[in-house]
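S.K.: Fold the following and give me the result.
(one chain, ligands or ions: 1)
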Amino acid sequence: MTLSFDEIRTVAVVGAGTMGRGIAQLAAMAGFQTLLYDVEAAALERATAAIQKALEKGRQRGKVSPQQIEQVGKLLRTTTDIEALQADFIVEAVIEDPDVKKAVFEKLEAINRPETIITSNTSSIPISALSRGLRRPERFGGMHFFNPPHIMKLVEVVRGAHTAASTVQVITRMAEAMGKTPIAVKDAPGFVVNRVARHFYLEALRLLEEGVADVPTIDGLMENVGFRMGPFRLMDLIGVDTNHSVTTSMFRAFFYEDRFRPSRIQQQYVDAGLHGRKSGRGFYTYE
Ligand SMILES: NC(=O)c1ccc[n+]([C@@H]2O[C@H](COP(=O)([O-])OP(=O)(O)OC[C@H]3O[C@@H](n4cnc5c(N)ncnc54)[C@H](O)[C@@H]3O)[C@@H](O)[C@H]2O)c1
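M.R.: Predicted structure coming up:
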């Protein structure tokens, strides 16, 4: 039996990085008892500070009420104890690595009741591939938020080969409860948005490699024609490492088609720890 949306009381979010923290904030704001987990205690500290900052900013803009801030304070807890991750609905947001994600799912299935719905916020790994080997693949689906999750409205809801229609329904209702606009997409590497957007990043990186223009020039040009952020500014926001992992994963999934070939320059940034805003430096430097 799959839980219906009305039966969902508790939410767990696995991974408290760029995405997990925002997703946990949304779940608590929607009234769910929420547990945010990470392997690193420092990541949870950073997440807590980032959530407080985001809520305060929202309050100043009149988008978040003091009651909502109080509610998040009451409903949101953090933990480094994976055994505590028992919930009705789980969103996984750990690094974009199928082996790490699969190990997390195996553990989650072992400690949760069979009805629990498990979702992945993966940007690129097909949901059907992630569900292989799960005990209850029918209760597993894709819930792909966009960065920053507390601001961006879209959520891609992905039905894998084994995902039950009832699971898709609950994921859709959960996205709505979090104030998002869920759009159902089929299971393909990168789904829709990341597949199209890949070339926004990759072509900009190729221009840089060829010396056609530098980082601020490329960003400035793209922003001048109406893009909210140029490709490099956006990669810094996403995480240069995460963006590179997504490209690498899609390159593999598309049987090494040249159009998805990862960039050597980006690899160098990743290797050097220049991961963008979260590390203080990427294509730009941050305070
Ligand atoms: N960054 C984006 O713009 C974006 C947008 C949509 C989806 N995503 C996807 O969301 C997921 C997370 O991306 P992110 O940008 O938040 O990454 P991130 O690097 O900012 O955070 C990942 C977090 O996962 C933690 N972690 C690593 N292994 C873990 C484990 N075994 N158990 C628990 N926590 C673990 C790390 O300590 C870190 O805090 C990825 O699948 C990514 O593709 C990212």
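S.K.: how close does residue 123 get to the ligand?
M.R.: Distance of residue 123 to the ligand, computed by C-beta to the nearest ligand atom, to the nearest Å: 3 Å. To be clear about C-beta, it is placed using only N, CA and C from the backbone, and glycine gets the same treatment.
S.K.: So what's the residue count around that residue?
M.R.: Neighbour count of residue 123, defined by other C-beta atoms under 10 Å: 27.
S.K.: show me the contacts for it.
M.R.: 96, 144, 190-191, 194, 242, 246 (C-beta atoms under 8 Å, 6 or more residues apart in numbering).
S.K.: Tell me the one among those residues nearest to residue 7.
M.R.: Closest to residue 7 out of the contacts of residue 123 is residue 144 (23.6 Å), distances taken as C-beta to C-beta.
S.K.: pLDDT value on that closest one, please?
M.R.: With respect to pLDDT, residue 144 has a value of 98.
S.K.: do the same with the one 5 residues further on
M.R.: Looking at residue 149, its pLDDT reads 97.
S.K.: Which stretches in the stretch 101-250 of the chain count as strands?
M.R.: Along the stretch 101-250 of the chain, the segments classed as strands by DSSP state E, counting those that start in this stretch run 117-120, 140-145, 154-159, 181-186.
S.K.: Including distance to the ligand and mean neighbour count, could those go into TSV?
M.R.: Listed next are those as TSV, based on distance: least, C-beta to the nearest ligand atom, whole Å; neighbours: other C-beta atoms under 10 Å:
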stretch	distance to the ligand	mean neighbour count
strand 117-120	7	26
strand 140-145	6	27
strand 154-159	9	21
strand 181-186	14	14
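S.K.: how about these in TSV, adding distance to residue 89?
M.R.: Listed next are the strands of the stretch 101-250 of the chain as TSV, based on distance: least, C-beta to C-beta, whole Å:
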stretch	distance to residue 89
strand 117-120	5
strand 140-145	9
strand 154-159	13
strand 181-186	14
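S.K.: So what's the residue count around the residue lying closest to residue 97 once chain neighbours are set aside?
M.R.: Once flanking residues are discounted, residue 97 sits nearest to residue 245: 6.9 Å by C-beta to C-beta, 6 or more residues apart in numbering. Residue 245: 19 surrounding residues under other C-beta under 10 Å.
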